[in-house]
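> Could you work out the structure for the sequence below:
(one chain, ligands or ions: 1)
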Amino acid sequence: MKPLRIALTKGRLEKDTVELFEKIGYDCSAVRNKGRKLILPVGDRIEVVLAKAADVITYVEHGVCDLGVVGKDTIMENGSRFYEVLDLGFGRCRFALAGPKGKDFYEGFSEKTVASKYPNVTRAFFESKAMDVRVIKIEGSVELAPLLGLSDGIVDIVETGSTLRENGLEVKEFVADISARLIVNTASMKLRKREIEELTAQMEKAARPEGGAKP
Ligand code: PRP
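Residues are numbered from 1 along each chain as shown. Below you'll find the model as predicted:
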């Protein structure tokens with residue numbers, strides 16, 4: 001039987017997932033000593049694929065990976081043509097609208113400009129308020145956009161809040177809670193149901209030993 005393939009978002013979510021696998025009892029030594037290798041075994045029934053967040057979704061949607069671990073932020077931005085089966089509880093942060101400290105984002109009548117790495121999330125947020133805004137896509141360090149005068153605000157991930165604080169910005173409004181999610185390809189869910197359910201149950205137990213709510 002070929003191993004179950006699970007795409008992990010490189011970086012923090014990868015690290016937290018490997019710790020979770022070790023808690024379950026899987027041998028993660030290959031991932032711990034990975035060097036530049038991108039496909040690695042975990043135990044003898046799982047293979048992990050290390051990818052960037054949006055690519056985790058692409059590989060799972062196309063069925064070349066059976067499962068994936070990705071942030072809810074990436075899911076909200078890129079849609080969900082897959083099953084989201086588990087909130088893993090780590091990678092917690094939130095989406096927020098932020099802007100220059102002490103300035104009312106909504107003041108005045110002119111159309112607002114908002115910069116974000118997440119244009120779809122930003123548009124959906126303002127559509128839910130029936131408000132027209134101009135959205136400008138920025139690839140990183142979005143906090144620069146209002147500082148340089150490109151935008152009135154940003155929609156971005158806030159974790160500790162220090163990036164905002166150190167750049168004279170503040171949260172204006174909460175948009176959504178974010179955490180890492182386990183996602184499953186729709187065909188794999190049918191074809192390898194038993195193995196996927198078993199792994200999901202193990203991950204759920206290790207992530208939330210006292211039990212807890214599903215997403
Ligand atoms: C994220 C996010 C904020 C920062 C928030 O950026 O876009 O800039 O972290 O974290 P904090 O509230 O703890 O300060 P990331 O480090 O991923 O870099 P990027 O902006 O270049 O993508």
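> tally of neighbours for the closest residue to Ser179 other than its chain neighbours?
Distance criterion CB to CB, 6 or more residues apart in numbering; nearest residue to Ser179, sequence neighbours excluded, is Arg92 at 4.8 Å. In short, each C-beta sits where N, CA and C put it, glycine included. Neighbourhood size, Arg92 [other CB atoms under 10 Å]: 14.
> check contacts around Arg92.
Neighbouring residues of Arg92 by CB atoms under 8 Å, 6 or more residues apart in numbering: 159, 177-179.
> For the chain, which residues are neighbours of the ligand?
140-143, 156-163 (CB under 6 Å from any ligand atom).
> what about burial for those, which qualify?
Buried residues within those, defined by neighbour count using 16 or more other CB atoms under 10 Å: 142-143, 156-158, 163.
> Can you give me every residue that contacts the residue lying closest to Asp27 once chain neighbours are set aside?
Spatially, and ignoring its direct neighbours in sequence, Asp27 is nearest to Gly43 (5.4 Å; CB to CB, 6+ apart). Residues counted as contacts of Gly43 (CB under 8 Å, 6+ apart) are 21, 26-27.
> try 10 Å
3-4, 21, 24-28, 30 (CB atoms under 10 Å, 6 or more residues apart in numbering).
> Next: Pro146.
Residues near Pro146 by CB under 10 Å, 6+ apart: 98-100, 103, 105, 113-115, 152-154, 167-169.
> switch to 8 Å and redo it
Pro146 is in contact with 99-100, 115, 152-154, 169, counting by CB under 8 Å, 6+ apart.
> residues of the longest helix that the chain contains that come out buried?
The single longest helix within the chain, with elements called by DSSP state H, is helix 193-207. By neighbour count, and taking 16+ other CB under 10 Å as the criterion, the buried residues in helix 193-207 are 195-196, 199-200, 202-204, 206-207.
> model confidence over it, on average?
Taken as a whole, helix 193-207 has an average pLDDT of 97.
> Extract the C-alpha set from it and format it as PDB.
C-alpha atoms of helix 193-207 as PDB (Å, rounded to 0.1, in the frame of the first residue of the first chain):
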ATOM      1  CA  LYS A 193     -11.400   6.500   4.200                       C
ATOM      2  CA  ARG A 194     -10.300   4.100   6.900                       C
ATOM      3  CA  GLU A 195      -6.600   5.200   7.000                       C
ATOM      4  CA  ILE A 196      -7.600   8.900   6.900                       C
ATOM      5  CA  GLU A 197     -10.200   8.600   9.600                       C
ATOM      6  CA  GLU A 198      -7.600   6.700  11.800                       C
ATOM      7  CA  LEU A 199      -4.900   9.400  11.200                       C
ATOM      8  CA  THR A 200      -7.500  12.200  11.800                       C
ATOM      9  CA  ALA A 201      -8.600  10.600  15.100                       C
ATOM     10  CA  GLN A 202      -4.900  10.200  16.300                       C
ATOM     11  CA  MET A 203      -4.200  13.900  15.400                       C
ATOM     12  CA  GLU A 204      -7.300  15.100  17.100                       C
ATOM     13  CA  LYS A 205      -6.500  13.200  20.300                       C
ATOM     14  CA  ALA A 206      -2.900  14.400  20.300                       C
ATOM     15  CA  ALA A 207      -3.900  18.000  19.500                       C
END
